[in-house]
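Colleague: Here is my input; please provide its structure:
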Amino acid sequence: MANNHNRAPPTVAKAYCIGIIKGLRMYDEHSRSDLSDWLKDASGEYNNTVIDEWKKGKPNDEDVAEVLINMKAGLS
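Modeller: Numbers count the residues shown, from 1 in each chain. Next comes the predicted model:
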């Protein structure tokens, strides 16, 4: 995420953030690894870390809302 703050346009940084969140969601839903049983809460906590890091790049309010909607879509 840190590289995206300085190098990537806001739309690329937003897409990267959403991609990480979707990847974590896919891992939660589809992983058959024994490790996933140990890390049940880790992806939710990491989602917050990803979003907090992304926000350091000062995204606009619309982008923040879109990312939060994508995150919450995985929680329902």
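Colleague: Identify, by residue count, the longest helix of the protein.
Modeller: In the chain, taking DSSP state H as the definition, the longest helix is helix 10-30.
Colleague: any idea how far it is from the chain center?
Modeller: Remark: helix 10-30 is offset 5 Å from the chain centroid, using CA atoms, centre = their mean, to the nearest Å.
Colleague: how about it: buried residues?
Modeller: 13, 14, 16, 17, 18, 20, 21, 24, 25 (16 or more other CB atoms under 10 Å). C-beta coordinates here come from the backbone N, C-alpha and C atoms, glycine included.
Colleague: confidence score at the most centrally placed residue in the chain?
Modeller: By CA atoms, centre = their mean, the chain has its centre lying nearest to residue 21, at 3.1 Å. As predicted, residue 21 sits at a pLDDT of 87.
Colleague: Could I get the contacting residues of it?
Modeller: Applying CB atoms under 8 Å, 6 or more residues apart in numbering, we find residue 21 in contact with 47, 50, 51, 67, 70, 71, 74.
Colleague: Give me the subset of those residues lying in helices.
Modeller: Using DSSP H, the subset of these located in helices is 47, 50, 51, 67, 70, 71.
Colleague: Turn those into JSON lines, including neighbour count and distance to residue 60.
Modeller: Output for the ones in helices among the contacts of residue 21, formatted as JSON lines (neighbours: other CB atoms under 10 Å; distance: CB to CB, whole Å):
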{"residue": "47", "neighbour count": "22", "distance to residue 60": "20"}
{"residue": "50", "neighbour count": "22", "distance to residue 60": "18"}
{"residue": "51", "neighbour count": "18", "distance to residue 60": "14"}
{"residue": "67", "neighbour count": "22", "distance to residue 60": "11"}
{"residue": "70", "neighbour count": "17", "distance to residue 60": "16"}
{"residue": "71", "neighbour count": "20", "distance to residue 60": "17"}
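Colleague: Most widely separated two among these?
Modeller: Maximum pairwise distance in those, criterion CB to CB, is 11.2 Å, between 50 and 70.
Colleague: Any idea how many residues pack against the nearest residue to residue 17 once chain neighbours are set aside?
Modeller: Nearest in space to residue 17, with sequence neighbours left out and distances taken as CB to CB, 6 or more residues apart in numbering, is residue 54 at 4.2 Å. By the measure other CB atoms under 10 Å, the count of residues near residue 54 is 24.
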